[in-house]
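> Based on what follows, work out the 3D shape:
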Amino acid sequence: MEGKMNDFLRMCFNIITQIGPYLVVLLLLKYLVNLQQKRAKEREEEQKKGIIRTHYIIKTEKVLTMFFVLAVFLFGGATVASAIQQDDLLPPIGFSIFFIVSLIGSLNMIMWKLEVNGDEITWRSTFGRKRTFRFEDITYCEMKGNSIRVYVNGKKLFTIDSGVDDSEFMEDIERRRIPVKSYWANQHKKNRK
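Predicted coordinates:
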């Protein structure tokens, strides 16, 4: 009887450990979607009231950043542990690739920031380089998928990735009538020349 109970508990534990990561990812995605919907609703209410926010910050979601930082520690530890325990090089190399990707991703999510204060825009790159400019300095924006490339004096300054909520920034771009071009249309024109 006790052996069957242990087998049952072991089977339940295996099922939970196999399904657990998927549940965590689904819960994270649900949280992020709810957060974006809440912000969109707040923005919609502000627009109905005629409120135009002049100061806002565009960054990556904190929860997503925390998961990337956690991944750095997990994959870093797994890399060290597999290097110590394994005679084969494949597991440490595999874990180190994931470690490097999560390290670069977390560095980008922690450092990258776009702050708008009235007409002034302060952009901080992944590596800490800070630039301040104004909306009138932007020559045009380019849409590629859901990401936005911003050009100042004809040179690409930064890209707002598709995972970052950029709706307030795009409202400012539209309000100031800054041209927004399609990346694919521009590539088609370049190829025809």
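> Kindly check the end-to-end length of stretch 104-117 for me.
28 Å (C-alpha to C-alpha, to the nearest Å).
> Repeat that for stretch 140-157.
Note: stretch 140-157 ends 11 Å apart using C-alpha to C-alpha.
> per-residue confidence averaged over that stretch?
Averaging pLDDT along stretch 140-157 yields 87.
> now swap in stretch 180-191 and tell me
pLDDT averaged over stretch 180-191 gives 67.
> tell me which element Ala71 falls in.
helix 62-85 (DSSP states H and E).
> C-terminal to that helix, what's the next element?
helix 90-111.
> quick one: buried residues of that next one?
91-92, 95-96, 98-99, 102-103, 105-109 (16 or more other C-beta atoms under 10 Å). C-beta: built from backbone N, CA, C; applies to glycine.
> Check which helices and strands that helix sits against.
helix 62-85 (3 or more C-beta pairs under 8 Å, 6 or more residues apart in numbering; DSSP states H and E).
> Can I get the helix it packs on in PDB? Just the C-alpha atoms.
What follows is helix 62-85, C-alpha atoms only, in PDB (Å, rounded to 0.1, in the frame of the first residue of the first chain):
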ATOM      1  CA  LYS A  62       9.300  44.900 -14.500                       C
ATOM      2  CA  VAL A  63       7.900  41.400 -14.200                       C
ATOM      3  CA  LEU A  64       9.500  40.400 -17.500                       C
ATOM      4  CA  THR A  65      12.800  41.900 -16.400                       C
ATOM      5  CA  MET A  66      12.700  40.000 -13.100                       C
ATOM      6  CA  PHE A  67      12.200  36.700 -15.000                       C
ATOM      7  CA  PHE A  68      15.200  37.500 -17.200                       C
ATOM      8  CA  VAL A  69      17.300  38.300 -14.100                       C
ATOM      9  CA  LEU A  70      16.100  35.000 -12.500                       C
ATOM     10  CA  ALA A  71      17.100  33.200 -15.800                       C
ATOM     11  CA  VAL A  72      20.600  34.700 -15.500                       C
ATOM     12  CA  PHE A  73      21.100  33.200 -12.100                       C
ATOM     13  CA  LEU A  74      19.500  29.800 -13.000                       C
ATOM     14  CA  PHE A  75      21.400  29.400 -16.300                       C
ATOM     15  CA  GLY A  76      24.600  30.700 -14.700                       C
ATOM     16  CA  GLY A  77      24.300  28.200 -11.900                       C
ATOM     17  CA  ALA A  78      23.400  25.400 -14.300                       C
ATOM     18  CA  THR A  79      26.500  26.300 -16.500                       C
ATOM     19  CA  VAL A  80      28.800  26.100 -13.500                       C
ATOM     20  CA  ALA A  81      27.200  22.900 -12.100                       C
ATOM     21  CA  SER A  82      27.200  21.100 -15.500                       C
ATOM     22  CA  ALA A  83      30.900  22.200 -16.100                       C
ATOM     23  CA  ILE A  84      31.900  20.700 -12.700                       C
ATOM     24  CA  GLN A  85      29.800  17.500 -13.000                       C
END
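> Show me the domain layout of this protein.
For the chain, automatic domain parsing gives the domain ranges 1-51, 53-111, 112-193.
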